[in-house]
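Undergrad: fold the following for me, if possible:
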Amino acid sequence: MARDRFSALRKFALVGAACSAAPFAVQAGEGFYIGAFGGVNDLENQSYDISDYTGPAGPLVPAPDDGSTLTRIQSDLGYLAGLRFGYSMGPFRPELEFAYRTNDVDKQREIIYGLLGPREQRAVSKGDSTHGVTGMANLWIDFLKSSSSINPYVGGGAGMIDFELKDATYNGNRLGKDNDTVFAWQLGAGVAWALSDRLDLTLDYRYLKSDDAQFDLLPGTVGSVETEYESHSAMLGVRFYFSGSKQEAAPAETPPPEVGVVPVLEAPPVPPPAPSPPCHGPDGDKMLNLEGCKTGDTIVLRGVNFEFNKSSLTINAKTILDQVADALAARPDIKVEIDGHTDARGSDSYNQQLSEKRASTVTRYLAGKGIAGSRMTSVGLGEAQPVADNETDEGRELNRRVELKVLESNGGVTTEAPAADAAP
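TA: Next comes the predicted model:
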């Protein structure tokens, strides 16, 4: 029978070695879990010792002392199965474990007390067995749970065992059965392999030992007997976690870049040429600007007005002509012609003379501001070149005007002329 025990334990060792060689890339779960297990149970040899002797005694057959051995039991290799419920929190794992263990009796030797004193004899055991139902509160310590899929652990627990002796015999008489519930404790170790982030495969060892249990096997004869439960167990099991592990997912491998045809990029369009510098007269918020003026350009000097039927300048006209003087000073390469125009009221000859006088007045004003007379000529055009309808007040106002015509320009770059605010 000893060979059978070692053979069963060897099988469990081989299973453990195979599992440890298997590559796993996941880690165990966290939080609440439930598990199941089963395996072999090796029950240590037991001795049934007399307790509270109540049988016959006399001068020839003295009563045996308490603690005297009644029988010695050697059991076959048995089995166990059970459930476990626990909670994993970091390296610590509190757990409740419930298990059923059973072993058949293999050999039994009895101590018979008689006239010649105690004698030992071999008994024939048929159907005798020992059972144990345990409920244990355990605490396990996990060593590599957060860093590896293979996690060894150690720990232990304490609880109760309901210990039953079934169909025991003594001196050829069947003694019936009885059971007792006593305190028990255990030590253990194991290895868990994470099959996924919720499922572990476990290989465990347990050493279990109880206090002495008392059994009333011989009522009216020898009273009670005492014995203890001591076993070694090897179990294979699974644990299922209700929540997965909290480890960060491994980054996905970056696929190699696809080799494709690089499109030929079209050359960017040629940007449009920069806009020409402005060349315009005063108009609303716009100030007079001669920077971009070239030969042939004509600028209407809006706001250069005269008193009615006279050639004298208004205050607003002088403000605008000050801008003209500044602009001409900034472009010394420009020569201009100052043209005077009238509306159609009055005779042609009168309007011709009036336009000549007004053009001359503008020329003289600019000369007084430092513009060389050689750069300016004045021309009166009367009512000959209207730009609007002379039948309306608005049209006639547009026809009464002074124009600045560029006669020469070499296109030189000049600084921007200072601006003067137009008079209202």
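Undergrad: can we go C-alpha only for contacts and neighbour counts from here?
TA: Fine.
Undergrad: tell me which stretches of this structure form helices.
TA: For the chain, the helices defined by DSSP state H cover 2-21, 315-330, 348-368, 393-399.
Undergrad: worst average pLDDT in those?
TA: Lowest mean pLDDT within these: helix 2-21, a mean of 48.
Undergrad: quick one: the residue of the chain most remote from its centre from Gly382, how far?
TA: Outermost residue of the chain with respect to the C-alpha centroid, by Cα atoms, centre = their mean, is Ser349; its distance is 93.9 Å. Per Cα to Cα, to the nearest Å, Ser349 is found 8 Å from Gly382.
Undergrad: can you list the domains in the protein?
TA: Using automatic domain parsing, the domain parsing of the chain gives 2-243, 298-408.
Undergrad: between those domains, which one is closest to Pro256.
TA: For Pro256, the closest of the domains of the chain is domain 2-243, at 23.4 Å, according to Cα to Cα.
Undergrad: can you give me the buried ones in stretch 364-374?
TA: Tyr365, Leu366, Ala367, Ile371 (16 or more other Cα atoms under 10 Å).
Undergrad: give me the nearest residue to the first one, chain neighbours excluded.
TA: Of all residues beyond its chain neighbours, the one nearest Tyr365 is Leu321 (7.8 Å), with distances taken as Cα to Cα, 6 or more residues apart in numbering.
Undergrad: how about the one you found, what does it touch?
TA: Val304, Val362, Tyr365, Leu366 (Cα atoms under 8 Å, 6 or more residues apart in numbering).
Undergrad: for Gln121, same thing?
TA: Contacts of Gln121 by Cα under 8 Å, 6+ apart are Arg109, Glu110, Ile111, Ile112.
Undergrad: what residues are bridge-paired with it?
TA: According to DSSP bridges, the residues that bridge with Gln121 are Glu110.
Undergrad: same check, this time on Gly237
TA: Phe37, Thr202.
Undergrad: that one against Phe37, yeah?
TA: Yes - using Cα atoms under 8 Å, Gly237 makes contact with Phe37 at a distance of 3.9 Å.
Undergrad: quick one: common contacting residues for the two?
TA: With Cα under 8 Å, 6+ apart as the test, Gly237 and Phe37 reach no residue in common.
Undergrad: let's have the buried residues of stretch 364-374 in JSON lines, adding distance to Leu80.
TA: Putting the buried residues of stretch 364-374 into JSON lines (distance: Cα to Cα, whole Å) gives the following:
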{"residue": "Tyr365", "distance to Leu80": "125"}
{"residue": "Leu366", "distance to Leu80": "123"}
{"residue": "Ala367", "distance to Leu80": "126"}
{"residue": "Ile371", "distance to Leu80": "122"}
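Undergrad: what's the closest of those to Ala267?
TA: Compare each of the buried residues of stretch 364-374 with Ala267 using Cα to Cα and the shortest gap goes to Ile371, at 50.3 Å.
Undergrad: who's in contact with the closest one?
TA: So Ile371 contacts Ala325, Leu328, Ala329 (Cα under 8 Å, 6+ apart).
Undergrad: how far away is the residue lying closest to Leu199 once chain neighbours are set aside from Ala192?
TA: Distances taken as Cα to Cα, 6+ apart place Phe240 nearest to Leu199, at 4.7 Å, with adjacent residues excluded. Separation of Phe240 from Ala192 (Cα to Cα): 12 Å.
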